[in-house]
Every structure is written in C-alpha cells, then in structure tokens.
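Chemist: Here is the input, now give the coordinates:
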Amino acid sequence: MSSRRVSGDLNTLIDKTIIVKLSNNKTYSGVLSSFELSPFMISLTNAKDNENNTYYKVIINGSLITEILVKNAPIFDPREFAELVAKELNIRTADIKVYEEAGIVTILDKIKVSENGVEGSGPLAQKVYDIYNSYVEKKKKGA
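Modeler: Reported below is the predicted structural model:
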C-alpha cells in the first residue's frame, strides 16, 4: 500500500524539476523523466550536479538516494478543480471523476482536464476551459 502512495507521488512529479540528494553528498537537480520502484531507480533529464556539471540524462540508483525535494508545489490540484467545476457548472459530483495519481479530472466521460489543459470540444468544454484558465491564473498569483 505505501509503495502505491510513493508511486503516486512520483507520478505527479514526472516532468517536474526536483532535487535529489545522495548518500555520497552529491546532489542533482533536474526534470524527473521516469522511475522504477523495484529496483528503485530514477532518471533525470537536463540535470545539474552540485559541482555545476550539466548532463542531458542521469539515471540514479535508488539505494543512494537520501532525499527527493520539490521546490514548487503543483499548480493543478485535480480534487480541488473537480469541486470547483461541480460548483460553478452545477454538475453532479457523480459525473466528475478524479484520478489523483494521474493528475486528471474527467467530466461526463467527455472532457479530460490535467495540468496540461482541457481536452474536449463543444460548449461545455469551452466553459470548463474558461474555468481552468481562471483557476490556473489564481493559483499562479497565490490565491
């Protein structure tokens, strides 16, 4: 069960910049591109180490990792956004599905929303798109 939660946390960090501290006092900062849980390994792209060396890709053995740090909180919170859409568009919560580990919300099985934007077409998709843009702007301003 706990590995499932760690996996979910790591999934939300894919394509995000993280800092990885190792037991040998080395530190890498880069974009998490992939991971494996067994054996635990992570892959960073566009990485930089604490000696200011840059690398296109670094694959790190998980047994060396002491900490994984994330500086910026994600802007898109799927559960929060689902509640906002339900309230603003008066849609039943049963018609909105939240996939927290994937960071996705689906509305009426037709519209998909993630931190990358809104997928779907039609008048309802346009309303969701408008809500999404307003939501993201408020989050960026720290509201």
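Chemist: In this structure, what residue spans correspond to helices?
Modeler: Secondary structure of the chain by DSSP state H: the helices cover 2-13, 78-89, 123-140.
Chemist: Nearest to residue 68 among those would be which one?
Modeler: Nearest of these to residue 68, taken as C-beta to C-beta: helix 2-13 at 7.8 Å. Heads up, the C-betas are built off the backbone N, CA and C, glycines and all.
Chemist: between the closest one and helix 78-89, what angle do the directions make?
Modeler: Helix 2-13 runs at 60 degrees relative to helix 78-89, counting by axes from the mean of the first three to the mean of the last three C-alpha atoms, to 10 degrees.
Chemist: so for helix 2-13, what's the average pLDDT?
Modeler: The average of the pLDDT scores along helix 2-13 is 73.
Chemist: Listing request: residues of this structure with sub-threshold pLDDT.
Modeler: In the predicted model of the chain, residues 1-4, 143 satisfy pLDDT under 70.
Chemist: how does it divide up, domain by domain?
Modeler: Per automatic domain parsing, the structural domains of the chain span 2-69, 78-140.
Chemist: how about those in JSON lines, adding mean neighbour count?
Modeler: Compiled in JSON lines, these are given as follows (neighbours: other C-beta atoms under 10 Å):
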{"stretch": "domain 2-69", "mean neighbour count": "14"}
{"stretch": "domain 78-140", "mean neighbour count": "16"}
